[in-house]
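[1] quick one, what's the 3D model for this:
(2 chains)
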Protein chains: 2
Amino acid sequence: MKQFTFFLVAVATMAGLVALIAPVPEHADEQPAPAFVTEIPQGYRDWKWISSAHEAGNLNSLGAVLGNDVAINAYRKGTLPFPDGTIIAALHYRNVPSEENNKVFGQAQSFVPGPPTNIQFMVKDSKKYAATGGWGFAHFADGKPGDATFMKSCFPCHEKTPASDLVFTHYAP
Amino acid sequence: MKQFTFFLVAVATMAGLVALIAPVPEHADEQPAPAFVTEIPQGYRDWKWISSAHEAGNLNSLGAVLGNDVAINAYRKGTLPFPDGTIIAALHYRNVPSEENNKVFGQAQSFVPGPPTNIQFMVKDSKKYAATGGWGFAHFADGKPGDATFMKSCFPCHEKTPASDLVFTHYAP
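    Model prediction:
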């Protein structure tokens, strides 16, 4: 066990040295490549409800936005910017008419979440995600993360809402 | 203290006797007047999210359905009928376009919860609410419960969904 620990320390030390002597990027003034969240945050389905959202048109989406405790506390207190540790989850579903509800109501009026389409997250870590306003973005469809091209489209859009720390969703009372 | 306890027992006993000797209703086969929930269940805004809902037309509503732990467990396990202690909350808001989101998206597509309209609850107590399928219904607008005439409209509609124990909302995964 001791030998194994020594081996790990040796590997870590060497990795550190390699990092120290790694060549400086050719364009030192370039922004670092943005980092994305690649794992689904645990337990998000148990988080508290922030608000609901309906996107018409091509998205045709109906869903909910949930937040972990850090997020909920910040929303309720109006804390801006959101503190590190905040995670906001957007659960999206196809917006579908509810045939069974409409039968009872006697008219076509009721829309409900149909098949899930994707889950998106915003994870606040002001150091790790400094290049994208302190937010790490995530998108999962069928449990798989969005590819780099898609993920690069998150920040330029969220960046347009600086007054709410890049967050679109308001807290529903 | 002992005297006070005795007093309480005495009052309770007398109340029991009064109940025993109370006159039988004129039409003994009549259903008892339905009971409604008249107090807002505590802590409902912290409950877990069951699903979202959009009602078009006159209602023009966007909201969420939340459940206490008994409700969430029953939904996740598919327990039917819902056990006593289940409380389901429907939080309704006016469905309004989000001007700020639409500006960012460059088109009118985004709808969000606007001003709150009402909160409705279904409280399962198979004895207390036996006359209405075991469910006590509640409706609050500006914190005030709905009047008897309005409240009488809940059960006849919910009664039409016996397969889901009178509950319209399905759990969104």
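[2] dead centre of chain A: give me the residue that sits there.
    The C-alpha lying nearest the average C-alpha coordinate of chain A belongs to residue A:121 (C-alpha atoms, centre = their mean; 1.6 Å).
[3] all strands of chain A, in order?
    Counting by DSSP state E, chain A has strands at residues A:48-55, A:61-67, A:87-97, A:110-124, A:135-141, A:144-145.
[4] what's the closest of those strands to residue B:80?
    Taking C-beta to C-beta, strand A:110-124 is the member of the strands of chain A nearest to residue B:80, at 18.6 Å. Bear in mind the C-beta positions are built from the backbone N, C-alpha and C, glycine included.
[5] send the alpha carbons of the closest one over as CSV?
    Extracted in CSV, the C-alpha atoms of strand A:110-124 (Å, rounded to 0.1, in the frame of the first residue of the first chain):
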residue,chain,number,x,y,z
SER,A,110,-54.3,21.7,-22.0
PHE,A,111,-50.6,21.3,-22.8
VAL,A,112,-48.3,19.1,-20.8
PRO,A,113,-44.7,17.9,-21.0
GLY,A,114,-44.4,15.1,-23.5
PRO,A,115,-41.2,13.1,-24.2
PRO,A,116,-38.0,14.6,-22.6
THR,A,117,-35.8,16.4,-25.1
ASN,A,118,-32.8,17.6,-23.1
ILE,A,119,-31.5,18.7,-19.7
GLN,A,120,-29.3,21.8,-19.5
PHE,A,121,-27.3,23.1,-16.5
MET,A,122,-25.5,26.2,-15.5
VAL,A,123,-22.8,25.5,-12.9
LYS,A,124,-21.3,28.6,-11.2
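[6] buried stuff in that strand?
    The neighbour-count check on strand A:110-124 (16 or more other C-beta atoms under 10 Å in any protein chain shown) flags A:110-114, A:116-124 as buried.
[7] what's the burial count for the residue nearest to residue A:143 when sequence neighbours are not counted?
    Closest residue in space to residue A:143, ignoring its immediate chain neighbours: residue A:40 at 7.1 Å, by C-beta to C-beta, 6 or more residues apart in numbering or on different chains. Per other C-beta atoms under 10 Å in any protein chain shown, the neighbour tally for residue A:40 reads 14.
[8] cool, residue A:134 as well?
    21.
[9] surely it and residue A:122 touch.
    No - the pair residue A:134 and residue A:122 fails to qualify as a contact (C-beta atoms under 8 Å) at a distance of 9.7 Å.
[10] who are the contact partners of the residue nearest to residue A:143?
    Going by C-beta atoms under 8 Å, 6 or more residues apart in numbering or on different chains, residue A:40 touches A:119, A:121, A:138, A:140, A:143.
[11] the buried residues of strand A:110-124 also near chain B: which ones?
    Filtering the buried residues of strand A:110-124 for proximity to chain B by C-beta under 8 Å from any C-beta of the partner chain leaves A:110, A:111, A:112, A:113, A:116.
[12] which ones are touching the fourth one?
    Each residue near residue A:113 by C-beta under 8 Å, 6+ apart is listed here: A:62, A:63, A:93, A:94, A:95, A:96, B:51, B:52, B:172.
[13] and if you look at residue A:102?
    A:108, A:109, A:110.
[14] just put those residues in TSV and tack on pLDDT.
    Converted to TSV, these look like this (pLDDT from 0 to 100):
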residue	pLDDT
A:108	87
A:109	94
A:110	95
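[15] which stretches of chain A have low pLDDT?
    A:1-34 (pLDDT under 70).
[16] one step back: against residue A:153, how distant is the residue nearest to the centre of chain A?
    15 Å (C-beta to C-beta, to the nearest Å).
[17] all helices of chain A, in order?
    Assigned by DSSP state H, the helices in chain A fall at A:2-21, A:69-77, A:99-105, A:148-151, A:154-158.
[18] can I get the fourth one in CSV, CA atoms only?
    Read it as helix A:148-151. What follows is helix A:148-151, C-alpha atoms only, in CSV (Å, rounded to 0.1, in the frame of the first residue of the first chain):
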residue,chain,number,x,y,z
ALA,A,148,-18.1,21.3,-28.6
THR,A,149,-19.7,23.2,-31.5
PHE,A,150,-23.1,23.1,-29.9
MET,A,151,-21.8,24.0,-26.5
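[19] so for it, what gets flagged as buried?
    Result for helix A:148-151 [16+ other C-beta under 10 Å]: buried residues residue A:151.
[20] just checking, what packs against it?
    Secondary-structure packing of helix A:148-151 (3 or more C-beta pairs under 8 Å, 6 or more residues apart in numbering or on different chains; DSSP states H and E): strand A:135-141.
[21] so the strand it packs on, near chain B or not?
    No - Strand A:135-141 does not reach chain B (C-beta under 8 Å from any C-beta); its nearest approach is 13.2 Å.
[22] what about stretch A:59-79, start to end distance?
    End-to-end distance for stretch A:59-79, by C-alpha to C-alpha, to the nearest Å: 30 Å.
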